[in-house]
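> Take a look and give me a structure for this.
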Amino acid sequence: MRKKRGFASLVAVIGAAMAVTGGGVSASAATVTHVYIAGDSTASTYVSAQAPRAGWGQALPVFLTPNAVAVNVAKSGASSKSFIDLGRLDHILGLIKKGDYLLISFGHNDEKSDDPARYTEPSTTYKQYLSQYIDKSRAKGAIPILLTPVERRHFGSTGVITPSHGAYPAAMRELAAAKRVPLVDLTAASTALWNRAGVEGTKKYFMIFPAGKYPNYPDGSQDNTHFQASGAIEVARLIATALRDQGAVPAADFRQLTATIPTSAIVWPATAPY
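Numbers count the residues shown, from 1 in each chain. Below is the predicted model:
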């Protein structure tokens, strides 16, 4: 029971964050659609002691109208397997209702073959675990949407992004086609964005900065996987735009998709919401 109460408070925290970021007055409970996020550290919500680190799920409310509320359940270090083993999918299923959405994005930690608690094999167990999210959310009347893993900042010698996710994005695309699930190819979209920004331009998106720039990171950071606020915002923009353009989520649920968004639009809670 304690976990369920904490989970309910998560919805309230995210809703409050929307108001802070300009979401406006919430629509009535009867008309609000919830967008649940099942993912890993690239999507997670980070606390104020970790700023400027942010996940795209933490930034997604910036692009949602009061018609939709993001409920970010992503967990740092999770794979499609461990997320289920930890009971987080079950918690979502206890709350999700007909007409809600479930964004599903894993891959970074599924790739860790030296960790049996998280590893999945692309053509078999990865698809099997992802299928549980799809089938179980559909059974609740919700709409699952697959997102291939966001690409890392790994540039080759020619200044072009080197793919880092192996066979996982293709496996997810195959599963989406087989099960007729909407798919956001975030691997492809983020790769294109990083290539446009280039080696130097992408540094502002990732946790790459010198010592002394941020109080929470006195020694600096050279992290090519996780995002600063600006990177989280731009990845969330890619996702929101794709969802709108594909008609996977109604256009009325989105706002300011082409606007310049200040990093102050991100909300970092004092304590972890879940």
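> What does Phe254 show for phi and psi?
Backbone torsions for Phe254, taken as degrees, to the nearest 10, come to phi -120, psi 150.
> start at 12 instead
With the count now opening at 12, the last piece we talked about shows up as Phe265.
> Please list all residues in contact with the closest residue to it other than its chain neighbours.
Computed as C-beta to C-beta, 6 or more residues apart in numbering, the closest residue to Phe265 that is not its neighbour in sequence is Arg255, at 4.9 Å. Every residue, glycine included, has its C-beta placed from N, CA and C. Listed by C-beta atoms under 8 Å, 6 or more residues apart in numbering, the contact set of Arg255 reads 262, 264-265, 268.
> rerun at 7 Å
262, 265, 268 (C-beta atoms under 7 Å, 6 or more residues apart in numbering).
> Next one: it from Val80, what distance?
Counting by C-beta to C-beta, to the nearest Å, the gap from Arg255 to Val80 is 17 Å.
> Just the buried residues from the contacts of Arg255, in ChimeraX please.
Buried residues among the contacts of Arg255 (16 or more other C-beta atoms under 10 Å), as a ChimeraX selection:
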select :265,268
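> Name the nearest of the contacts of Arg255 relative to Glu162.
Leu268 (20.8 Å; C-beta to C-beta).
> how about that closest one, phi and psi?
phi -70, psi -20.
> Give me the pLDDT value at the nearest residue to it once chain neighbours are set aside.
Here the nearest residue to Leu268 in space, its sequence neighbours aside, is Thr252; by C-beta to C-beta, 6+ apart that works out to 5.3 Å. With respect to pLDDT, Thr252 has a value of 98.
> next one: Lys15
38.
> Repeat that for Gly50.
Confidence score, pLDDT, at Gly50: 98.
> Tell me how far it lies from Leu197.
Gly50 is 10 Å from Leu197, by C-beta to C-beta.
> go on, Asn227?
Following C-beta to C-beta, the distance that separates Asn227 from Leu197 is 27 Å.
> ditto for Ala49
Applying C-beta to C-beta to Ala49 and Leu197 gives a distance of 14 Å.
> so who does Ala54 touch?
48, 66-68, 83, 85, 116.
> That one belongs to a strand?
No - for Ala54, which was evaluated using DSSP: H, G, I helix; E, B strand; the rest coil, the result is coil, with no strand membership.
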